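> Build me a model:
(one chain, ligands or ions: 1)
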Amino acid sequence: MEKERTFDCLCIKSIDYKDNDKLVTLYAFGEGKITASLKGVKKAKAKLKYASALFCFGKYYLAGKNGYNNVIGCDLTDSFYGIWTDIDKYYPAVCSLEILDKIADDREIGDKLAVLTLQFLNELCYKSTNNFIAFAKFLYNAIKLTGYNLQINCLNCGDNNPDNFYYSYIKNRLLCGNCHDSSAVQLSKNVILFLKSLLNGEIEKSEFDNKTYLSSIKVLMDIIGKNLAKRFKTFDEYFLFYNKMNNYI
Ligand SMILES: [Zn+2]
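Numbers count the residues shown, from 1 in each chain. Okay, here's the model as predicted:
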């Protein structure tokens, strides 16, 4: 007997499979990650084509047995179409999906992170006036969910107002000018101001240049990657897109 199951799902990964099919990874609320196939959706008139697209959020109907799932229906809630049509929204959005994909196996925080991700996609798609700030907020909230406590002081001596702060790629934390190690890179005053306003919840009121946004985002991404001991392909793509990877921090 095939068992039919229904979940509210967000499509977080989609790859081509056989000639006309797609294989998707869905984040199912209350259940975690599910891999499922969508048959024939690469054909021009396929009815469920939308359900195989990244960011698709809706009620998915799954059928299958022995751990094999087939998507047989989907009531669409939102496809977040506006993200597909704006590359400055698309790149941070795919980063958020990869973070969810890699953290979702931890069932303790999977659903919470999935909610954060949906809120982020919603903000990017409909509300955001500054995609960098929206993205930094999402990254910071994801960091907090993983249990990491970002602190603006020197890990070694505790100084919270040194002349210069450095970010250590080995220790994954901030160090002062006296304590920094060889892996540490100096952060600009603006990056420290940005991170402080992020921590204080005052980031919406602030305004910085793109260089500050990208340097800060790079630090936040590094914290996530080191914390999870995972490499994020989409983070590299994000910086390649801005084509400035080597110019920042
Ligand atoms: Zn120090």
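
> What are the boundaries of the helices in this protein?
Under the criterion DSSP state H, the chain contains helices at 81-84, 87-103, 107-122, 131-145, 189-199, 210-228, 233-242.

> Output those helices as CSV; include the columns distance to residue 17.
For glycine as for every other residue, the C-beta is placed from the backbone atoms N, C-alpha and C. CSV is the format used below for the helices of the chain (distance: least, CB to CB, whole Å):
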stretch, distance to residue 17
helix 81-84, 21
helix 87-103, 17
helix 107-122, 24
helix 131-145, 29
helix 189-199, 40
helix 210-228, 27
helix 233-242, 19
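
> Residues of this protein that sit close to the ion?
Neighbours of the ion within the chain, by CB under 5 Å from the ion: 154, 156-157, 159, 176, 179.

> Just the buried ones from the residues you listed, in ChimeraX syntax?
Filtering the residues of the chain next to the ion down to the buried ones (16 or more other CB atoms under 10 Å) takes a single ChimeraX command:
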select :154,156,159,176,179
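
> Please find the angle between the direction vectors of the top strand by length along the chain and helix 87-103.
Counting by DSSP state E, the longest strand found in the chain is strand 3-17. Per axes from the mean of the first three to the mean of the last three CA atoms, to 10 degrees, the angle that strand 3-17 makes with helix 87-103 is 120 degrees.

> could you say what helices and strands strand 3-17 packs with?
Contacts defined by 3 or more CB pairs under 8 Å, 6 or more residues apart in numbering; DSSP states H and E place strand 3-17 against strand 21-28, strand 32-38, strand 57-64, helix 87-103, helix 107-122.

> can you give me the offset of the fourth one from its chain's centre?
Its chain's average C-alpha position is 4 Å from that of helix 87-103, according to CA atoms, centre = their mean, to the nearest Å.

> what does the average pLDDT come to for stretch 106-120?
On average, the pLDDT along stretch 106-120 is 93.

> got the buried residues for it?
For stretch 106-120, burial by neighbour count (16+ other CB under 10 Å) applies to 110-111, 113-114, 116-118, 120.

> Same check on stretch 53-60?
Quick answer for stretch 53-60 (16+ other CB under 10 Å): 53-58, 60.

> Using JSON lines, lay out these together with pLDDT.
Below are these laid out as JSON lines (pLDDT from 0 to 100):
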{"residue": "53", "pLDDT": "96"}
{"residue": "54", "pLDDT": "97"}
{"residue": "55", "pLDDT": "98"}
{"residue": "56", "pLDDT": "98"}
{"residue": "57", "pLDDT": "98"}
{"residue": "58", "pLDDT": "98"}
{"residue": "60", "pLDDT": "98"}
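
> so which of the helices of the chain comes closest to residue 28?
Proximity to residue 28, assessed across the helices of the chain by CB to CB, is greatest for helix 107-122 (8.9 Å).

> Please save the CA atoms from that closest one in PDB.
Provided in PDB are the C-alpha atoms of helix 107-122 (Å, rounded to 0.1, in the frame of the first residue of the first chain):
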ATOM      1  CA  ARG A 107      15.700  18.500  14.800                       C
ATOM      2  CA  GLU A 108      16.000  20.700  17.900                       C
ATOM      3  CA  ILE A 109      16.400  23.800  15.800                       C
ATOM      4  CA  GLY A 110      15.200  22.600  12.300                       C
ATOM      5  CA  ASP A 111      11.700  24.000  12.600                       C
ATOM      6  CA  LYS A 112      12.800  27.200  14.200                       C
ATOM      7  CA  LEU A 113      15.400  27.900  11.500                       C
ATOM      8  CA  ALA A 114      12.800  27.000   8.800                       C
ATOM      9  CA  VAL A 115      10.500  29.700  10.300                       C
ATOM     10  CA  LEU A 116      13.400  32.200  10.300                       C
ATOM     11  CA  THR A 117      14.100  31.200   6.600                       C
ATOM     12  CA  LEU A 118      10.500  31.700   5.600                       C
ATOM     13  CA  GLN A 119      10.400  35.100   7.300                       C
ATOM     14  CA  PHE A 120      13.600  36.100   5.600                       C
ATOM     15  CA  LEU A 121      12.300  35.100   2.100                       C
ATOM     16  CA  ASN A 122       9.100  37.000   2.900                       C
END
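
> Thanks again, I'm all set now.
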